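> For reference, the sequence and a predicted model appear below.
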Amino acid sequence: MKVSKLAANLIGSEIVKIGNEVNDLKAKGAEIANLTIGDLNSNIYPIPALLKEEIQKAYQNNLTNYPPANGLLSLRKEVSKDLKNRWNLDYAPNDILITAGSRPLIYAVYKTIVDEGDKVVYPTPSWNNNHYAYLTSANAVEVKTKPETNFLPTADDLRPHLEGAVLLALCSPLNPTGTMFTKEQLSEICELVITENKKRGENEKPLYLMYDQIYSNLTFGAEHVDPVSLFPEMKEYTIYIDGISKCLAATGVRVGWGFGPAHIIDKMKALLTHVGAWAPKPEQEATAKFYENPENVNTFVDAFKARLEESLKVLHSGIQDLKEKGLAVDSIEPMGALYLTIKLDYIGKTKPDGTVIENSSDLVFYLINEAGVALVPFSAFGEEKSEPWFRASVGGLAIDEIKVMLPKLENALNKLK
């Protein structure tokens, strides 16, 4: 049966494919250490108790009708205050758009800025930019990054590709790597954007920067930096993506916010009015109440990220121990978010049954079946399947589960010849 060309050629998520395999094995009784999903086990990492109470209260008070298209004013006011207090960013409530998590915001940024054939630039690995570029029929320019720069693009990487581009998509801390831009790295990129925009005529689209900082509160010692704080003139070109999904362990609560130039935010609001991607009104009301006292946020985030950091350190240390034992593995020290970047250099090796690990997906499914360990290859984030790099998310496991998993991983890798 015929469907649209867009639907017919849409690529399914490799992460979902791996997740389905994990779920099938779990249903058969297998024990799988699931390091794939960029989510949190809510029994290990529940949302703040006060936030939960306020959500329940809002439902009891029958706040179940439509919210305003751009979000409750009470929440937008609290977000505005938080941006000022936390990052010294000045955005009025009308410059802020509330949606059901960050995905609708990213989609709306693409649809608001990008016409068919417009050049969009983003690094690989990065989360889902390839799919959003496809959905907008963009001319996608993927800029390959290197482990030497923590898989973050440098100004030199981006410089050859920005002429004529309408959108540059960046994220820090980065999904999938858990690494972050330094002040120097991001400053050099912002200078490129400013220089490029000075070349543009009145009738040309600017080069906009979408800056996804959904993990900005989950940093371990390193300082989170953002474009407008570095260069005030970036304010007219930068659209931020943010929300509570990660920092409050509230992935399923679905409250996100974007902020940026009023003319872009207004068009995003109009677009999403037709999509209906609003955050539920009770959750918005509860989030506003929770943010009224900044200490609610700070106290929860400090405790939450300390637990994530401990899990990541255990996993990172475990991989480094395997490296010292002579296994062909490595990992990059985590800086933020809930991810560890792991290198498993076993592509081309032979499994015990005599078949060859031909690519990163083969290695993923071998480890699921042989070790009960599930990872996401960087091919799910735009890299080639020949790359031996993987994302490990610690959000779904307790520390004890990570410790139990490591010997199983070691044993399975030792069986490859």
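Structure received.
> So Ile241, which state does it fall into?
strand (DSSP: H, G, I helix; E, B strand; the rest coil).
> Tell me who's in contact with it.
Ser102, Leu105, Ile106, Val109, Met210, Tyr211, Asp212, Gln213, Ile214, Gly256, Gly258 (Cβ atoms under 8 Å, 6 or more residues apart in numbering). Backbone N, C-alpha and C define where each C-beta goes, glycine included.
> how much space is there between it and Ser317?
As for Ile241, its distance to Ser317 is 32 Å (criterion: Cβ to Cβ, to the nearest Å).
> which secondary structure element contains Ser317?
helix 294-324 (DSSP states H and E).
> got the domain boundaries for the chain?
Residue ranges for the domains of the chain, per the TED database: 5-45+301-415, 49-298.
> returning to what we had before: what helices and strands are in contact with the helix or strand just after the helix holding Ser317?
Scanning forward in sequence from helix 294-324 by DSSP H and E, the next helix or strand is strand 329-332. On a contact count with 3 or more Cβ pairs under 8 Å, 6 or more residues apart in numbering; DSSP states H and E, strand 329-332 meets helix 294-324, strand 339-344.
> Compare these and report which one is nearest to Asn129.
Nearest to Asn129, of all the helices and strands packed on strand 329-332, is strand 339-344, at 16.6 Å by Cβ to Cβ.
> what does the average pLDDT come to for the helix holding Ser317?
The average pLDDT for helix 294-324 rounds to 98.
> Out of the helices and strands packed on strand 329-332, which one sits most buried?
strand 339-344 (a mean of 24; mean count of other Cβ atoms under 10 Å).
> Quick one: name whatever helix or strand follows that one.
Taking DSSP H and E as the definition, the helix or strand right after strand 339-344 is helix 360-371.
> still on that earlier bit, and the contacts of Ile241, which is closest to Val120?
Of the contacts of Ile241, the one sitting nearest to Val120 (Cβ to Cβ) turns out to be Met210, at 9.4 Å.
> Just give the number of residues close to Phe378.
24 (other Cβ atoms under 10 Å).
> isn't it right up against Val364?
No. Using Cβ atoms under 8 Å, Phe378 makes no contact with Val364, being 10.8 Å away.
> Common neighbours of those two, please.
With Cβ under 8 Å, 6+ apart, Phe378 and Val364 have common neighbours Phe390.
> For the lowest-mean-pLDDT helix or strand in the chain, what is the distance to the chain centroid?
Every helix and strand in the chain was compared by mean pLDDT, DSSP states H and E; the lowest is helix 14-27, with a mean of 85. Centre-to-centre, helix 14-27 and its host chain are 20 Å apart (Cα atoms, centre = their mean, to the nearest Å).
> Same question for stretch 93-100.
Distance of stretch 93-100 from its chain centroid, counting by Cα atoms, centre = their mean, is 19 Å.
> and what of stretch 62-72?
Counting by Cα atoms, centre = their mean, stretch 62-72 comes out at 26 Å from the chain centroid.
> likewise stretch 194-211?
Centroid displacement of stretch 194-211 relative to its chain, using Cα atoms, centre = their mean, is 25 Å.
> Sketch out the helices for the stretch 1-150 of the chain, chain order is fine.
Counting by DSSP state H, counting those that start in this stretch, the segments of the stretch 1-150 of the chain that form helices are 5-9, 14-27, 49-60, 73-87, 103-113, 129-135.
> picking up where we left off before, closest to Lys199 out of the contacts of Ile241?
Met210 (20.2 Å).
> Can you list the strands that the helix or strand that closest one falls within pairs with?
Secondary structure assignment for Met210, by DSSP H and E: strand 208-212. Take DSSP bridges as the rule and strand 208-212 pairs in its sheet with strand 165-171 (parallel), strand 238-243 (parallel).
> quick one: contacts of the longest one?
In other words, strand 165-171. Residues contacting strand 165-171 (Cβ under 8 Å, 6+ apart): 109-110, 113-115, 118-123, 126-127, 129, 132, 138, 141, 153, 158, 162, 181, 189, 193, 196, 205-214.
> mind running it again at 6 Å?
Strand 165-171 is contacted from outside by 113-114, 118-122, 129, 205, 207-212, using Cβ atoms under 6 Å, 6 or more residues apart in numbering.
> Using PDB, list the CA coordinates for that strand.
In PDB, the C-alpha atoms belonging to strand 165-171 read as follows (Å, rounded to 0.1, in the frame of the first residue of the first chain):
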ATOM      1  CA  ALA A 165      23.700  27.700   6.100                       C
ATOM      2  CA  VAL A 166      20.600  28.700   8.000                       C
ATOM      3  CA  LEU A 167      20.900  26.500  11.100                       C
ATOM      4  CA  LEU A 168      23.700  25.200  13.200                       C
ATOM      5  CA  ALA A 169      22.600  22.600  15.800                       C
ATOM      6  CA  LEU A 170      24.800  22.100  18.900                       C
ATOM      7  CA  CYS A 171      24.300  20.400  22.300                       C
END
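> could you give the angle of it to helix 103-113?
160 degrees (axes from the mean of the first three to the mean of the last three Cα atoms, to 10 degrees).
> Next secondary structure after strand 165-171?
Immediately after strand 165-171, counting by DSSP H and E, sits helix 183-198.
> what's the answer for the last one, then?
Downstream of strand 238-243, the next assigned helix or strand under DSSP H and E is strand 256-259.
> Direction included, what does that following strand pair up with?
strand 96-99 (antiparallel), strand 238-243 (antiparallel).
> Output that strand as CSV, nothing but the C-alphas.
Below are the C-alpha coordinates for strand 256-259, written out as CSV (Å, rounded to 0.1, in the frame of the first residue of the first chain):
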residue,chain,number,x,y,z
GLY,A,256,10.2,21.5,28.3
TRP,A,257,10.9,25.1,27.3
GLY,A,258,12.6,26.9,24.5
PHE,A,259,13.6,30.6,24.4
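> could you dump the helices and strands packed on strand 329-332 to JSON lines with distance to Ala30?
JSON lines is the format used below for the helices and strands packed on strand 329-332 (distance: least, Cβ to Cβ, whole Å):
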{"stretch": "helix 294-324", "distance to Ala30": "21"}
{"stretch": "strand 339-344", "distance to Ala30": "21"}
